[in-house]
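A.B. asks: this is a predicted model, with the sequence first.
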There are 2 protein chains.
Amino acid sequence: MSDTPDKPDHVTEPFTVAGLRIDVLDEAFSWYIRSIDTVVSRDLDQRTAHLDVAKGKGKITTLLLVDGYPGIRPSQIAEVLMRDRPATGRIIDHLVKAGDIRRESDEDDQRAQSLFITEKGSALAQEVRDIIRTQENDFFDFIPPEDRQEFMRVLKRAYINMRNKLK
Amino acid sequence: MSDTPDKPDHVTEPFTVAGLRIDVLDEAFSWYIRSIDTVVSRDLDQRTAHLDVAKGKGKITTLLLVDGYPGIRPSQIAEVLMRDRPATGRIIDHLVKAGDIRRESDEDDQRAQSLFITEKGSALAQEVRDIIRTQENDFFDFIPPEDRQEFMRVLKRAYINMRNKLK
DNA sequence: GGCAGTAGTTGTTTTTCACAATTAAAAAGT
DNA sequence: ACTTTTTAATTGTGAAAAACAACTACTGCC
């Protein structure tokens, strides 16, 4: 049962992390995605620590969406974030309290809300854009230009693929 | 300063998410990484919900490391996880309490610990390996085989790059 | 022997995350 | 016209996870 742990010695490149191989994980896309996420997210938290959008996932996307689509509704944001509505609602709460966006109730549909950016939020959005760009450079500039498009293409397909699975 | 927001109209494909463009984010690697992570992690939580390694990042890696490297020390695990020692220590606590690994104090260094897998942990590790492989198939099988190596190569480089930045 | 550095633990605080239940409005069926 | 079903969003809640700081114990060097 708990027999011989067969070493996969047919694997060409024995990739090691800090000198260690990590079993199935070192050929698992998900492991790298998750590890990179850890670092990128932590780094982003630090870069945005002084801003209203600091911490957690979703605030930045929400802010930029509201900036780009005046009158956008919470449910649309939730769909992009792939989060449930309670989570999305709280992100919106946060940004409303901070004065970066404001809520209005939708003209056509009294249940729904329309979200709009404020001046403060607009300035914040610009600051955030700069931070994102800087971080992209810091972390991903090692990717040779000719590889970038391909890498992005695969990432986008992975993302789309996952969205479809959620339905 | 905060002048004209120049539309990058030289970008060939105006990629949209749920019919929306997401500003700088839709050309940001980090955004896709973070989004994909959200889904992959949530999915993994569900798949492992009935196991001791459910929830959060690090338990699975820890388990497999201990399985692969009998006598490994917590600090080595922390380095792979890119987490601080308190976080790593708690993951170890959790697995020890669950009876999947056990601690011994290192022969040579009384401060340090050596970790070992138990029989229960060994069985769990096997189960986890299967889950990881299944998830990889479910989420990433859309990547044509010829693109996989390249995608993995970039991910690994990104990961290594980030580890080095942490030092 | 004293001091600096390393290994790990404990404590604490803040936040997140996901699920369930509720209110309210619109749309659809009869 | 009136009931039922769906949709939009909020509130409540409980369990955790992540990051920091402070602490104990041991090693190894001058």
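C.D. replies: Yep, it's here. Residues are numbered from 1 along each chain as shown, chains lettered A, B, ... in the order given.
A.B. asks: next up, the contacts around the spatially most central residue of chain A.
C.D. replies: By C-alpha atoms, centre = their mean, chain A has its centre lying nearest to A:K57, at 6.0 Å. Counting by C-beta atoms under 8 Å, 6 or more residues apart in numbering or on different chains, A:K57 makes contact with A:41, A:81, B:34, B:38. C-beta: built from backbone N, CA, C; applies to glycine.
A.B. asks: mind putting these into CSV with neighbour count, pLDDT and distance to DNA strand D?
C.D. replies: As requested, these are arranged in CSV below (neighbours: other C-beta atoms under 10 Å in any protein chain shown; pLDDT from 0 to 100; distance: C-beta to the nearest atom of the strand, whole Å):
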residue, neighbour count, pLDDT, distance to DNA strand D
A:S41, 17, 92, 7
A:L81, 21, 90, 12
B:R34, 21, 92, 13
B:T38, 17, 91, 12
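A.B. asks: wait, what's in contact with the nearest residue to A:R85 once chain neighbours are set aside?
C.D. replies: Using C-beta to C-beta, 6 or more residues apart in numbering or on different chains and skipping the chain neighbours, the partner closest in space to A:R85 is A:A78 (5.1 Å). Going by C-beta under 8 Å, 6+ apart, A:A78 touches A:84-85, A:87-88.
A.B. asks: how close does A:A78 get to A:I72?
C.D. replies: Distance, A:A78 to A:I72, by C-beta to C-beta, to the nearest Å: 11 Å.
A.B. asks: go on, A:R102?
C.D. replies: Plainly put, A:R102 is 12 Å away from A:I72 if you go by C-beta to C-beta.
A.B. asks: hmm, who's touching stretch A:125-144?
C.D. replies: For stretch A:125-144, contacts defined as C-beta under 8 Å, 6+ apart pick out A:40, A:43-44, A:47-48, A:51, A:53, A:60, A:63-64, A:67, A:117, A:148, A:151, B:2, B:23-25, B:28-31, B:154, B:157-158, B:161-162, B:165.
A.B. asks: nope, stretch A:86-103 is what I was after
C.D. replies: A:52-53, A:56, A:58-59, A:62-63, A:66, A:74-75, A:77-78, A:81, A:113-118, A:120-121, A:124.
A.B. asks: in that stretch, which residues are buried?
C.D. replies: Under the neighbour-count criterion of 16 or more other C-beta atoms under 10 Å in any protein chain shown, stretch A:86-103 has A:88-89, A:91-92, A:94-95, A:98, A:100-101 buried.
A.B. asks: check the offset of it from the chain's centre.
C.D. replies: Relative to the chain's own centre, stretch A:86-103 is displaced by 18 Å; criterion: C-alpha atoms, centre = their mean, to the nearest Å.
A.B. asks: does it reach DNA strand D?
C.D. replies: Yes: using C-beta under 7 Å from any atom of the strand, stretch A:86-103 reaches DNA strand D at A:86, A:88-90, A:92-93, A:103.
A.B. asks: which non-adjacent residue is nearest A:D84?
C.D. replies: For A:D84, ignoring the flanking residues on the chain, the nearest one in space by C-beta to C-beta, 6+ apart is A:A78 at 6.8 Å.
A.B. asks: what does the model give the one you found for pLDDT?
C.D. replies: We have a pLDDT of 92 for A:A78.
A.B. asks: that one is in what secondary structure piece?
C.D. replies: Using DSSP states H and E, the element containing A:A78 is helix A:74-81.
A.B. asks: can you name the element that comes right after that helix?
C.D. replies: The helix or strand immediately downstream of helix A:74-81 is helix A:85-97, counting by DSSP H and E.
A.B. asks: is DNA strand C contacted by that following helix?
C.D. replies: Yes: for a cut-off given as C-beta under 7 Å from any atom of the strand, helix A:85-97 has contacts with DNA strand C, namely A:86-87.
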